[in-house]
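mind folding the following:
(2 chains)
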Amino acid sequence: MENTKTAPRPRLLTRWIAALAIGMLALVAGAPASLAQGSDSVEGKTFVIGTDTTFAPFEFRQDGELTGIDMDILNTIAEEEGFKVEVRSLGFSAALAALSANQVDGVIAGMSITDERKKIYDFSEPYFESGVQMAVAKNNEDIKGYEDLKGKTVVAKTGSEGETYAKSIAGKYGFQVKSLDQSATMYESVKSGSAVAVFDDYPVLAYGIAQGNGLKTVTDKVPGGSYGFAVNKGENTALLAAFNDGLAKMKANGEYQKILDKYLADPAAAAPSNFFDLVAKSFPALMTGLWHTLVVTAASFAIAMVLGLLFGFFKISSNIVLRGIATTFINIFRGTPLLLWAFMFYFGLPQLLGVGISVWTAGILTLSLNAGAYVAEIVRGGIQSVDPGQLEASRSLGLGYGKSMQKVVIPQAFKMMTPSLINQLIISLKDSSLLLAIGFTELLYQGQQIYAANFRVTETLLIVGFIYFIAIMALTKLANYADKRFNK
Amino acid sequence: MSNVKIQVSDLHKSFGSNNVLKGIDLDIAEGEVVCVIGPSGSGKSTLLRCLNKLEDITSGKVVVDGFDVTDPKVDINEVRRHVGMVFQHFNLFPHMSVAENIMLAPVELKKMNRTEARAKALELLERVGLKEKADARPSSLSGGQKQRVAIARALAMAPGIMLFDEATSALDPEMVGEVLQVIKELADSGMTMVLVTHEMGFAREVADRVVFMADGVVCEQGKPEDLFGNPQQARTQDFLSKVL
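Residues are numbered from 1 along each chain as shown, chains lettered A, B, ... in the order given. You can find the predicted model right below:
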């Protein structure tokens, strides 16, 4: 893996298939394979490890596969110590939340060892000595040092060493610090001028600049924190010990230095050269993302229809208890943000239940309950818009309530509901992109993975937007066709 | 009086604090045609709707075709199969063809298979003069045609009793005649019928008995020639002087 550009084609394909297979396995496996505790040996066990999505050169995706310093170190240690790892690329904050929720066994995410974090996590020996550096846009000749930042805004990554350092000198030099979640978006905001400089970990900056992210460094590196692998305090001690042992061996036999050199001395020039190259390279990953987006939307909407019909009927019931249940359900899920429930189901519920919840389960729960609340209102409105005389006429013929609903009221209500239901389906499809926050590998998430590695944010987002647009157009046409066909 | 088909005793109905029916007693014999007249708000339609329990009955007793409608254990769907009802606004099912409207009850209640039900529907349509409209949508029919289809639909389960709730009130004047003609033929065939109507001339012509209601009670009843020709009560006289 010296240089992926010269790697032979078939190998690329097998790697791609392997990545897909791993992805599928992760779906099926769902919950962490192991929450091994108190055992003295790690051999033969599989550990679920959370990581960031976008922290090149520590973790990033290249041709669909997660790679980087953290990944290489983790895999080398796992091999050395005889355990297996299943890596979940969740995003930095989400990975830590997942660790606290015991959704993962450990986190390796270019994470600085700080006193505050030491209170909740146990860290390995440091595996990387980092430091903070400042960068500005390549064509910026005005900012030569911290003193030129007066009255300006800089960006730093939420919860990072860079943010801490920037804030510590912000008062002295008179600038504002804005916090963002990803390196790629930080660099993009410096290039676009909404911030004049970025404070980031020096290896990340160095790698980005080597990839042509359009920035340059103007100050020296500030020696700073060291990175460590973390487990929950007092748990997974065997895993932590194995990590330390493997790390010591790697340093001794030179494997460790080889990995650092590979990413920092001569970063692989993986960025595609032109737009069509970018499209071709990112296409398979984006199609996987689109597929996941469509599957999660379809599954959620099917459940939402069932929930919506149920609660819609409850809502018009003469029984006050049923009406109360329906109103409560609708108000709760319509009156709170979707994202809140995604976090709640993925991070909160496992802590309440004591069992892990797969990102698919959490995603489908979130989307289906949200859409279900809206569908319930659509169903209620649809049924109430049917002239009550229709039900009376049917009942007067001796048909029961259920039969009358089924044969007379619902067919008419459904016809009126169809445009609103198509609308809700499209909203749900778009809302599924919010699930990237819990590391669900849908379309926009895949886009982020791509620009996190190649820093071509705008072009990648354009491609992603185009795919969403086409998918939704096709869906709309299909739904309208079905409407015309069945709702004559 | 021969066989009693409908028996109403001390029927009360209130909507909240609004007492609409204040103790109705009424017996209707088999084959009898009864027209219910009276000012709006007098409770005519509510009385009719209590007969097949489209309205819940507050107190009193209603026996229809031998079924005690007020008994909570009675299968109201079974009762309704014996009682056809025609509404002011037709209430045809717009998502079905004319024939399907008529076939719905016999097929769904497993009284006939689709072929038999279709044959029966065509026979009923012929009876109301609309056989050629069997496969049309209700929306393509005129008001008078819609109401004739609604009558055919109400007859599909071969009920022994027919209820008409202001069946001609929503029609343009030139269409009233065709519907009344169908109702008259039905009356002549010996069907037990209760009609709430504003058509005084028609009531006089077809009714065996006319019931005048006011303020939730039966004010006066009798043969049409007596009630129209020589009303006894002041309320009846007042009402008739306004509508005749």
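
surely residue A:177 and residue A:170 touch.
Yes. Shown here, residue A:177 and residue A:170 form a contact pair, counting by C-beta atoms under 8 Å, at 5.3 Å. Using the backbone N, CA and C atoms, a C-beta is placed for each residue, glycine as well.

buried set for stretch A:316-327?
Within stretch A:316-327, the residues that count as buried by 16 or more other C-beta atoms under 10 Å in any protein chain shown are A:322, A:325-326.

give the contact list for residue B:168.
Neighbour list for residue B:168: B:147, B:176, B:179-180, B:197-199 [criterion: C-beta atoms under 8 Å, 6 or more residues apart in numbering or on different chains].

what secondary structure does it sit in?
coil (DSSP: H, G, I helix; E, B strand; the rest coil).

dihedrals phi and psi, it?
Residue B:168 adopts backbone torsions of phi -110, psi 0, taken as degrees, to the nearest 10.

residue A:386 now?
According to degrees, to the nearest 10, residue A:386 has phi -80, psi 130.

now do it against chain B, distance only.
10 Å (C-beta to the nearest C-beta, to the nearest Å).

count of residues packed around that residue?
20 (other C-beta atoms under 10 Å in any protein chain shown).

just the pLDDT for it.
Looking at residue A:386, its pLDDT reads 94.

the one 4 residues further on too?
The per-residue pLDDT reported for residue A:390 equals 95.

that one reaches residue A:412, doesn't it?
Yes. Taking contacts as C-beta under 8 Å, residue A:390 lies within contact range of residue A:412: 6.7 Å.

touching both of the two, which residues are there?
residue B:93.

can you report how many residues lie near residue A:306?
12.

got the contact list for it?
residue A:372.

out of the contacts of residue B:168, which are buried?
B:147, B:176, B:179-180, B:197, B:199.

mind putting those in CSV, distance to residue A:399 and secondary structure included?
Output for the buried ones among the contacts of residue B:168, formatted as CSV (distance: C-beta to C-beta, whole Å; DSSP: H, G, I helix; E, B strand; the rest coil):
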residue, distance to residue A:399, secondary structure
B:147, 21, helix
B:176, 30, helix
B:179, 24, helix
B:180, 28, helix
B:197, 27, coil
B:199, 30, coil
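
turn those residues into JSON lines, including distance to chain A.
Converted to JSON lines, the buried ones among the contacts of residue B:168 look like this (distance: C-beta to the nearest C-beta, whole Å):
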{"residue": "B:147", "distance to chain A": "12"}
{"residue": "B:176", "distance to chain A": "20"}
{"residue": "B:179", "distance to chain A": "17"}
{"residue": "B:180", "distance to chain A": "21"}
{"residue": "B:197", "distance to chain A": "18"}
{"residue": "B:199", "distance to chain A": "21"}
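
which one of the buried residues of stretch A:316-327 is nearest residue A:484?
Of all the buried residues of stretch A:316-327, residue A:326 has the smallest distance to residue A:484: 31.4 Å, by C-beta to C-beta.

what secondary structure does residue A:259 sit in?
Going by three-state DSSP: residue A:259 is helix.

burial count for the nearest residue to it once chain neighbours are set aside?
Take residue A:259 and drop its neighbours on the chain: the residue closest to it by C-beta to C-beta, 6 or more residues apart in numbering or on different chains is residue A:72, 4.6 Å away. Here the number of neighbours of residue A:72 (other C-beta under 10 Å) works out to 22.

just checking, residue A:246 touches residue A:82?
No. The pair residue A:246 / residue A:82 is not scored as a contact, 9.7 Å apart, by C-beta under 8 Å.

for those two, indicate the residue with more neighbours.
Neighbours per residue, other C-beta under 10 Å: of residue A:246 and residue A:82, the larger number sits with residue A:246, 23 against 13.

helix or strand: which one has that one?
Applying DSSP states H and E as the criterion places residue A:246 in helix A:237-253.

buried set for that helix?
A:238-240, A:242-247, A:250.

so which of these comes closest to residue A:434?
Of all the buried residues of helix A:237-253, residue A:434 sits closest to residue A:239, with 32.1 Å by C-beta to C-beta.

wait, the closest one sits on residue A:106?
Yes. Counting by C-beta under 8 Å, residue A:106 is a contact partner of residue A:239 at 6.0 Å.

center of chain B - which residue?
In chain B, the centroid-proximal residue (C-alpha atoms, centre = their mean) is residue B:163; its distance is 1.7 Å.

which helix or strand contains that one?
Residue B:163 belongs to strand B:161-165 when assigned by DSSP H and E.

most widely separated two among the contacts of residue B:168?
Pairwise over the contacts of residue B:168, using C-beta to C-beta, the maximum falls at B:147 and B:198, 14.7 Å.

can you get me a residue count around the closest residue in space to residue A:385 that isn't next to it in sequence?
Of all residues not flanking residue A:385 in the chain, residue A:416 sits nearest, at 5.4 Å (C-beta to C-beta, 6+ apart). The number of residues packed near residue A:416 is 16, by other C-beta under 10 Å.
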